[in-house]
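Asker: Model the following, please.
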Amino acid sequence: MSSKEKRTLNLPVLPLRGLVVFPKTLLHFDVGRKKSQTAIDIAMKENQLIFLVAQENPSVSDPKGEDLYSVGVVAKIVQVMKQPDNITRLIVEGQERATIIENFSGDDRCMFARVTTAPEHEGSQSTREIALTRTVKSLFEEYSHLVPKPPTDIMFKIGICKNGGELADIIAGNILTDYYDKQTILSIFDPVKRLETLLDILYQEVYILGIEEEVSEKARERIDKSQREYFLREQKNVIDAELGEDDNPSSDAEEYSKKIKELHLAEDVEKTLLKECKKLAKMPYGSQEVAVIRAYLDTVIDLPWNVSTKDKLNLKNITAELERNHYGLQKVKKRIAEQLAVRKLNPDIKGQIICLVGPPGVGKTSIAQSVAKAIGRKSARIALGGVHDEAEIRGHRRTYIASMPGRIISAIKTAGTNNPLLILDEIDKLASDYKGDPSSALLEVLDAEQNNKFVDHYLDIPFDLSKVFFITTANDASTIPAPLYDRMEIIEIDSYTREEKFNIAKKHLIPKQLKLNGLTAKEVKFSPSGIYSIIDYYTREAGVRKLEREIAHAIRVFALKYVNEEEKSVKFTSKNIADYLGIRKYQDDELCDKDQIGYVNGLAWTAVGGTILPIETAVMPGDGKVILTGSLGDVMQESAKAAITCIRSHSNILGVDTDFYKTKDIHIHAPQGAVPKDGPSAGITMATSIFSALSLRPVKRDIAMTGEITLRGKIMPIGGLKEKAMAAYKAGINTVYIPKGNTNDLEEVDPTVKAGLNFVPVDNFTEVLLTATVEPIVIKDDENSIIFPQKSAQNSAVIRH
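Answerer: Purely as a prediction, here's the structure:
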């Protein structure tokens, strides 16, 4: 045996990712790393030799010495071509194996290595090497039949190669195997062991490719078989059609008749259905009406004519179930409990259709579903928003193609019982067009005197809806048609207060989102201040949908940090919540820092709760013009005019200039002019503001008021006191003036709010003026008179009782 001399070389290193180069092979590949391109430039300036070695982990982008295999190839660079995007295309020819003998060294530009070459042995071969060479060639030929055939020059080169080690290198460089296997072959210097290893790899590849070929063949056979069966079935259908033996409507009619009689329906209904069966039996083969009659009879038979569930009317359990699943909503729970109590005493009671009216997200649909679960009834939801076709309710007549039952019958079929709880969602959003008025169709559905014989156009036979428990929902009761409104009992659901949102978040939303996001209460905690901060500064809504989304947002932000091992746990507080949800989206209603003339805090109701509505009045010399700004609606503009007239008619006893309507211009403004404002509850606020501006008396900064005013000064009752009181409490108000007619509404105010505010019921606007201004009112005991102190003696005035 003879061999070339070993050499020791200092060469630049080009690390390869997922690629192995063998001696005596020509290969081209692209280079993109800057250090690799520098190594190429250095090699081209020297002797065009470079050391190619594979990375142990291809994902390492900046490999060090310990990241590379110890065996590589000394290669000669044949050609270098520059490509776009700083890519270099390189053509190299492997020359000799080489092993690293010293540690890598280099600078910031590229890597260098001291390597020793290992030339292939030349000369005579052992008998075992010759046998292995022949076996490898034979096995590679078998392998080439199972994969895309290698290039002709490669096959020729393999055919004439006599050296076992060189043959192993050529074949290893041209088989489709993992680069780890190729590196294993490159690292073996003994030709016999190299051939043995290659033989094992080839056997494994041939075996796997054979299985793949077998699987593909079986799949191909299955497809061919299915196509053949399809063709035969089509032929059979044609033959059956020619013989008239495809279907037998007569036998189907007998089967349908048997099923109909088993339902024990009313005599007239059964008679109608059996008539359809007789019609089916007489139908000729191939008639299109056969499929129509079958579909109709299938639908009728599938309906739960005599299937019902037994109500679980244990009121304590039902109340506990509702309390567990829903916080607040006491009026709704009480009304439902009353209805169920009556139903327990009289199971055959009819009517009592409930309509839950309230803003989006306050739990109308979910509480209806909870009621169904609590009493053990099946439930189905029918979304009526945007429905504009009467056929959606009553069904399509069978004369139309693709006709089907209406939504009511379809929901009962889905529920599987004849006494389900049906939720008619968004009944206020029904539409109508030339196809009919669906709200009129619902009149029969929701009328207890008529719905026991509800006739769906598709069924064309009566179905009893009197056992169905209907609960409807709406956002705006004013848009419900009057006849439909008259058939329902309206229960209004107010927007949630701040305290209610806090409890809902704590008891329901946070546990739900923790479960959905795969976290536990040990890892994520919400302090009361954190929950209040989300409610106050990141949401403005009547319900809790946005609140739930913001809670989920905060948890998701933490989840990312948790997965990245940046944080192990978190407690959301008012101090750190902005780190997770960003800057505050809303700000608190802020009071003035001092008592001011003409500035009064009003209270307003909105769809997302109560709010502070300041009213400012400025009085200037002029000719009696009244200026109203701040996007005031028609009702508020009328309130302002009524307030001015009231002050003017009482000017002689209020101590204001009786000619102010001639010599003064009055400008009334509601801040936040871009926000439209309207409603009948700002009259007293405007009157107090105007009086303050005319009399130059500052109004106390820590009071607020709500109520409409008449021309005589009487304060009229208002709505939304619960929400307005919560807004005053949040803003730091101490005293709230309310109409005396709203005294009973204080029972609905949250106990915490009621304890923190001083409510002053008033019947006349003069009662407000007694204590609302900074300067006190003096009462003369001798004349039993109330005097409003003036800035000057000549303007003093008296109100006599």
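
Asker: Return the residues in contact with residue 449.
Answerer: Counting by C-beta atoms under 8 Å, 6 or more residues apart in numbering, residue 449 touches residue 350. Every C-beta, even on glycine, is put in place using the N, C-alpha and C of the backbone.

Asker: where does it land in three-state SS?
Answerer: Using DSSP: H, G, I helix; E, B strand; the rest coil, the structure places residue 449 in coil.

Asker: Give me the pLDDT value at it.
Answerer: What the model reports as pLDDT for residue 449 is 79.

Asker: Also residue 607?
Answerer: If you check residue 607, the pLDDT there is 65.

Asker: go on, residue 314?
Answerer: We have a pLDDT of 82 for residue 314.

Asker: Just give the number of residues close to it.
Answerer: 15 (other C-beta atoms under 10 Å).

Asker: Would you mind measuring from it to residue 375?
Answerer: As judged by C-beta to C-beta, to the nearest Å, residue 314 and residue 375 stand 9 Å apart.

Asker: Same check on residue 758?
Answerer: On the measure of C-beta to C-beta, residue 758 and residue 375 end up 44 Å apart.

Asker: more neighbours, these two?
Answerer: More crowded of residue 758 and residue 375, by other C-beta under 10 Å: residue 375, with 23 against 12.

Asker: any idea how far the more buried one is from residue 652?
Answerer: Computed as C-beta to C-beta, the residue 375 to residue 652 distance reads 66 Å.

Asker: Check residue 279 too.
Answerer: From residue 279 to residue 652 the distance is 91 Å (C-beta to C-beta).

Asker: returning to what we had before: shared neighbours, residue 314 and residue 375?
Answerer: Going by C-beta under 8 Å, 6+ apart, no residue sits against residue 314 while also sitting against residue 375.

Asker: Give me the phi and psi for the residue most central in space within the chain.
Answerer: In the chain, the C-alpha nearest the mean C-alpha coordinate belongs to residue 549, at 8.0 Å (C-alpha atoms, centre = their mean). Here is the backbone geometry of residue 549 (degrees, to the nearest 10): phi -60, psi -40.

Asker: residues touching it, list them.
Answerer: Taking C-beta under 8 Å, 6+ apart, one finds nothing in contact with residue 549.

Asker: and with 10 Å instead?
Answerer: 509, 513, 538-539 (C-beta atoms under 10 Å, 6 or more residues apart in numbering).

Asker: Closest to residue 629 out of those?
Answerer: Nearest to residue 629 among those, counting by C-beta to C-beta, is residue 539 at 29.2 Å.

Asker: burial of the nearest residue to residue 358 once chain neighbours are set aside, as a residue count?
Answerer: Nearest residue to residue 358, sequence neighbours excluded (C-beta to C-beta, 6 or more residues apart in numbering): residue 493, at 3.2 Å. Counted with other C-beta under 10 Å, residues neighbouring residue 493 total 20.

Asker: Can you tell me which of the contacts of residue 549 end up in helices?
Answerer: Among the contacts of residue 549, the residues falling in helices (DSSP state H) are residue 513.

Asker: of the contacts of residue 549, buried ones?
Answerer: Neighbour counting by 16 or more other C-beta atoms under 10 Å classes 509, 513, 538-539 among the contacts of residue 549 as buried.

Asker: quick check, nearest of the residues you listed to residue 346?
Answerer: residue 509 (38.7 Å).

Asker: In this structure that closest one contacts residue 554, no?
Answerer: No. Using C-beta atoms under 10 Å, residue 509 is not in contact with residue 554; the gap is 11.3 Å.

Asker: hey, what's in contact with both of these two?
Answerer: In contact with both residue 509 and residue 554: 526, 534, using C-beta under 10 Å, 6+ apart.

Asker: could you dump the buried ones among the contacts of residue 549 to JSON lines with distance to residue 722?
Answerer: Formatted as JSON lines, the buried ones among the contacts of residue 549 follow (distance: C-beta to C-beta, whole Å):
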{"residue": "509", "distance to residue 722": "22"}
{"residue": "513", "distance to residue 722": "28"}
{"residue": "538", "distance to residue 722": "23"}
{"residue": "539", "distance to residue 722": "18"}
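
Asker: need the strands for the stretch 301-450 of the chain, in chain order.
Answerer: Using DSSP state E, counting those that start in this stretch, the strands of the stretch 301-450 of the chain run over residues 354-357, 379-383, 421-425.

Asker: I'd like the ones you listed as JSON lines, with mean neighbour count and distance to residue 458 appended.
Answerer: Output for those, formatted as JSON lines (neighbours: other C-beta atoms under 10 Å; distance: least, C-beta to C-beta, whole Å):
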{"stretch": "strand 354-357", "mean neighbour count": "23", "distance to residue 458": "27"}
{"stretch": "strand 379-383", "mean neighbour count": "18", "distance to residue 458": "16"}
{"stretch": "strand 421-425", "mean neighbour count": "23", "distance to residue 458": "18"}
